[in-house]
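Novice: here is a sequence together with a model predicted from it:
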2 protein chains.
Amino acid sequence: MKIEEEIRQKPFKDVYNKAVVNLLYTHNYLVTQQSKIFKPHDLSPEQYNVLRILRGQHPEPITVSSIQDRMLNKMSNASRLVEKLKIKKMVERRECAEDRRQVDITITDKGLEILEQLEDEVKKFNKSILHLNKSEVEQLNELLDKLRG
Amino acid sequence: MKIEEEIRQKPFKDVYNKAVVNLLYTHNYLVTQQSKIFKPHDLSPEQYNVLRILRGQHPEPITVSSIQDRMLNKMSNASRLVEKLKIKKMVERRECAEDRRQVDITITDKGLEILEQLEDEVKKFNKSILHLNKSEVEQLNELLDKLRG
DNA sequence: TTGTATTTAATGTATATACATTCAAATCAA
DNA sequence: TTGATTTGAATGTATATACATTAAATACAA
């Protein structure tokens, strides 16, 4: 549906402004949908993202600051997020030998299993909530990459 | 920059998954940028949005639930947001005569002035943070509208 | 009418987030 | 080496958010 109808607004005068509102609104649509899939597993979308970052390095560990770097939301607190995952036994935390300020984080087998379980579900889910065909999705990716400059 | 480089990730296998991550990441870019323009005026992006909704109706009032309906983030609390704006004297709250459960909200002259002041600034700003030309922005709007189905 | 259900806004509450501060470890310059 | 600076992670704190509950007003059905 057109964004103007969804938020019951008169047509935007400025397409740039419309795009900003459209992005905010679409983001809200996305996270609302996403929470449906992650909530039953007691994961937040950002926790899921961190697990994926860790799997990308597995079996190598990765430091907290490096996780922060790669997170989608740079402002959220990697330290506390990792703590949450540790309580759920999805990650391990170990003091880094070379630099004792740093803390190495590794995904556990349990964490890997949960990702594995979610994998197909998430894949199908993503496809089902994004009402675009493949070439449109590719176009969207290009536009978003370009948008950020 | 390509999303894979920005979050230092290997290329996505699945363009749909990439699009989801790309949207989340781009949203973060947007709000980070936006806060720079709103913060000096002591407004959050969602407060700004509510003021714009109210201006759209002005001089007619609009109820709290109707604001909620049109907000970008349906989950956030219109009642408390309005309270914040009231403290700043940007809106007025008045019991609705026909239905005493409802509360009519109107934007004040002060609120209108602040929007006026911000208008040009926001317009320029939007254009400057969205590194796309007009036809690309239009394309993006179409894709986002279609995406949500 | 009268009792029940629904709607509206406000409030309570737990958690998340943004942002600042702290503390220890490492780096660097004098 | 020593003192100052920087870095990495954790923690403190205020605010925001998600979600549930409440309280009052209205609608609706028996």
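Specialist: That came through fine.

Novice: low-scoring stretches of chain A, by residue?
Specialist: Applying pLDDT under 70 to chain A flags the ranges A:74-75.

Novice: find the centremost residue of it, please.
Specialist: Note on chain A: the residue nearest the mean C-alpha position is residue A:49, at 4.3 Å, using Cα atoms, centre = their mean.

Novice: quick check, that residue in contact with residue A:72.
Specialist: Yes - proximity of residue A:49 to residue A:72 meets the contact threshold set by Cβ atoms under 8 Å, at 5.7 Å. In this view, the C-beta of every residue, glycine as well, is placed from N, C-alpha and C.

Novice: before we move on, back to that, quick one: contacts for the residue nearest to the centre of chain A?
Specialist: Residue A:49 makes contact with A:71, A:72, B:21, B:24 under the criterion Cβ atoms under 8 Å, 6 or more residues apart in numbering or on different chains.

Novice: tell me the two of those residues that are most distant?
Specialist: Maximum pairwise distance in the contacts of residue A:49, criterion Cβ to Cβ, is 11.1 Å, between A:71 and B:21.

Novice: shared neighbours, the two?
Specialist: Common neighbours of residue A:71 and residue B:21 (criterion: Cβ under 8 Å, 6+ apart): A:49, B:7.

Novice: who does the stretch of helix or strand residue A:110 belongs to touch, helix- and strand-wise?
Specialist: In this structure, residue A:110 is located in helix A:109-129 according to DSSP states H and E. Using 3 or more Cβ pairs under 8 Å, 6 or more residues apart in numbering or on different chains; DSSP states H and E as the contact definition, the elements that helix A:109-129 packs against are helix A:15-38, helix A:45-57, helix B:15-38.

Novice: angle of the shortest one against helix A:109-129?
Specialist: Orientation note: helix A:45-57 sits at an angle of 120 degrees relative to helix A:109-129 (axes from the mean of the first three to the mean of the last three Cα atoms, to 10 degrees).

Novice: quick revisit: can you lay out the helices and strands packed on helix A:109-129 as TSV showing distance to residue A:87?
Specialist: Putting those into TSV (distance: least, Cβ to Cβ, whole Å) gives the following:
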stretch	distance to residue A:87
helix A:15-38	17
helix A:45-57	11
helix B:15-38	24
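
Novice: many thanks, I have nothing further to ask.
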